[in-house]
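Participant: Provided below are the primary sequence and the corresponding predicted coordinates.
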Amino acid sequence: GRRVVIVGAGMAGVQTAVALREQGFTGPVVLIGAEPHQPYDRPPLSKAVLLGKAEGSAFDIDFTALGIDLRLGVEVTGLRPADHEVDTETGPVPYDVLVVATGAYPLTLPGSEGVPGVHLLRTLDDAVRLGPVLERRHAVVVVGAGWIGAEFATAAREAGCDVTVVEAADRPLAGALPAEVTAPMGAWYTASGADLRLHARVRRVEEGRVVLDGPDGTTAELPADAVVVGIGARPATDWLAGSGAALDPSGALTADDRLRTSLPDVYAVGDCASFPSARYGERLLVHHWDNALQGPRTVAADILGGAPEPYDPVPYFWSEQFGRFVQYAGHHGAADTLLWRGDPADATWSVLWLRGETPVALLAVGRPRDLAQGRRLIERRTPVDPARAADPSVPLKAA
Ligand code: FAD
């Protein structure tokens, strides 16, 4: 059979290899990953693994039994599409079909690279390095009140660290959710004992402290035994420079609705790829786990010639922060109405976004049933009665 080479042994790469076998592909599958560790799951890194409640998060997959040629600790440095080869430190690897699943890398604060005590949180190595920071209950400054910042702050508070979170915007999750929805979230930080500083711009990071821009050109200093930077991630596609592959301005590979790139026989899936969503009428770049699970099924089916349905998922993710289970499904970009189900001052509530009377997105805080039912309504484009949908005592499926 044709030889499939998958670059990147994270969730999307591993799931592509597994999906190929599940769907009956019998040809050679080579899975190449830069990290030396057995392939592992990332979400536990900012949760159980960080707190030492789990040893690791390696996937429970027998690659040998599946006939997958797993090559770890090997970085792919280039792609030559005309030759159908990728390059590695140990020489070229030929492919018939290539799947790019190189994920994303975390953005750094300019000037903070190499400063002792400054951490990122993307890899198992990062989480292992952060373990002692929590154990020693160090004073930590978290830069960025996004998903990763919130989860790290949660774990650090649970471990008894002194935690300050600095955020340049006027609220947490400013890039992800509208202001009225994030308004109640600032209180979650404070109630956990973390000090949330909004409108706080980092001027520089030094060993032992973070220097913030104060009013009128002054500065303020925060002591920090450790600094954790969580200011976003960018698709890991730099190694494709010169290959001719089409990239978005975000750096993501521009894939089509079967996750094919602009190059022949080259697919892209997971955090490194954007795809056109007919459902939402725009191109989506999703940096969440569920997309790295679903996308590979489309890739495998297309490689097998199965003419899969266009890849057009209702994006889904979850986050665990400050004792709350936060879930989101859909994409609220084109919504025209926002409905509250419940009071954001309470422990549990949801927000439903509609376009006309059709649900397009849902955020659920501690209301997993809302999420499950709302996700189905979004998938099926089932209209709701807005008055009933705004009543938290009415199950969403009956709205
Ligand atoms: P990755 O997991 O980044 O895997 C890509 C792999 O490719 C990496 O191992 C990398 O080393 C390798 N690679 C990159 N370049 C090369 C190269 N040139 N050669 C060889 N190998 C290469 N999502 C949720 O929905 N819920 C959560 O609660 C959640 N928590 C998270 C917590 C943390 C700490 C992190 C970092 C992410 C979290 N996510 C969560 C996001 C989710 O983990 C990602 O969306 C998912 O891992 C994406 O999978 P991927 O395979 O596309 O990319």
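Facilitator: Structure received.
Participant: use CA for all of it now, contacts and neighbours both
Facilitator: Fine.
Participant: CA-only coordinates of the lengthiest helix in the chain in PDB, if you can.
Facilitator: Counting by DSSP state H, the longest helix found in the chain is helix 289-303. Listed next in PDB are the C-alpha coordinates belonging to helix 289-303 (Å, rounded to 0.1, in the frame of the first residue of the first chain):
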ATOM      1  CA  TRP A 289      -8.500  18.700  22.000                       C
ATOM      2  CA  ASP A 290     -11.800  17.600  20.300                       C
ATOM      3  CA  ASN A 291     -10.700  19.000  16.900                       C
ATOM      4  CA  ALA A 292      -7.500  16.900  17.200                       C
ATOM      5  CA  LEU A 293      -9.700  13.800  17.800                       C
ATOM      6  CA  GLN A 294     -12.400  14.400  15.100                       C
ATOM      7  CA  GLY A 295     -10.200  15.800  12.200                       C
ATOM      8  CA  PRO A 296      -8.000  12.700  11.900                       C
ATOM      9  CA  ARG A 297     -11.100  10.600  11.100                       C
ATOM     10  CA  THR A 298     -11.700  12.800   8.000                       C
ATOM     11  CA  VAL A 299      -8.100  12.600   7.000                       C
ATOM     12  CA  ALA A 300      -8.000   8.800   7.300                       C
ATOM     13  CA  ALA A 301     -11.200   8.400   5.400                       C
ATOM     14  CA  ASP A 302     -10.000  10.700   2.600                       C
ATOM     15  CA  ILE A 303      -6.600   8.800   2.400                       C
END
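Participant: Figure out how far that helix is from the centre of its chain.
Facilitator: 16 Å (C-alpha atoms, centre = their mean, to the nearest Å).
Participant: Report the distance from the next helix or strand after that helix to the chain centre.
Facilitator: Later in the chain than helix 289-303, the nearest helix or strand by DSSP states H and E is strand 316-321. Centroid separation for strand 316-321 versus its chain: 10 Å, with C-alpha atoms, centre = their mean.
Participant: Kindly calculate the angle that the following helix or strand past strand 316-321 makes with strand 316-321.
Facilitator: Using DSSP H and E, the helix or strand that directly follows strand 316-321 along the chain is strand 324-330. Put simply, strand 324-330 runs at 160 degrees to strand 316-321, going by axes from the mean of the first three to the mean of the last three C-alpha atoms, to 10 degrees.
Participant: Can you point out the buried residues in strand 324-330?
Facilitator: Neighbour-count burial for strand 324-330 flags 324, 326-330 (criterion: 16 or more other C-alpha atoms under 10 Å).
Participant: Can you list the helices and strands that the longest helix of the chain packs against?
Facilitator: helix 11-22, strand 316-321 (3 or more C-alpha pairs under 8 Å, 6 or more residues apart in numbering; DSSP states H and E).
Participant: could those go into CSV alongside distance to His37?
Facilitator: Shown next, in CSV, are the helices and strands packed on helix 289-303 (distance: least, C-alpha to C-alpha, whole Å):
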stretch, distance to His37
helix 11-22, 13
strand 316-321, 25
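Participant: follow-up on the earlier one: with respect to Val210, which of the buried residues of strand 324-330 is nearest?
Facilitator: Arg324 (28.7 Å; C-alpha to C-alpha).
Participant: what about the longest helix of the chain, near the ligand?
Facilitator: Yes: remark: helix 289-303 sits within contact range of the ligand at 289-290, 292, by C-alpha under 6 Å from any ligand atom.
Participant: Just the residues contacting that helix, thanks.
Facilitator: 11-13, 15-16, 19-20, 23, 43, 97, 258-260, 267, 269-271, 307-311, 313, 315-317 (C-alpha atoms under 8 Å, 6 or more residues apart in numbering).
Participant: Can you tell me which of those are buried?
Facilitator: In terms of neighbour count (16+ other C-alpha under 10 Å), the buried residues within these are 11-13, 15-16, 19-20, 43, 97, 258-260, 267, 269-271, 308, 311, 313, 315-317.
Participant: need the residues of the stretch 51-200 of the chain near the ligand, please.
Facilitator: 74-77, 101-104, 121-122.
Participant: if you look at those residues, which of them are in helices?
Facilitator: Among these, no member lies in helices (by DSSP H).
Participant: CSV for these, including pLDDT and distance to Arg341?
Facilitator: Putting these into CSV (pLDDT from 0 to 100; distance: C-alpha to C-alpha, whole Å) gives the following:
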residue, pLDDT, distance to Arg341
Val74, 98, 49
Glu75, 98, 48
Val76, 98, 48
Thr77, 98, 49
Ala101, 99, 38
Thr102, 98, 38
Gly103, 98, 35
Ala104, 98, 34
Leu121, 98, 33
Arg122, 98, 34
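Participant: what sits against Ala307?
Facilitator: Counting by C-alpha under 8 Å, 6+ apart, Ala307 touches Ala301.
Participant: same check, this time on the one 10 residues further on
Facilitator: Counting by C-alpha under 8 Å, 6+ apart, Phe317 touches 288-290, 327-329.
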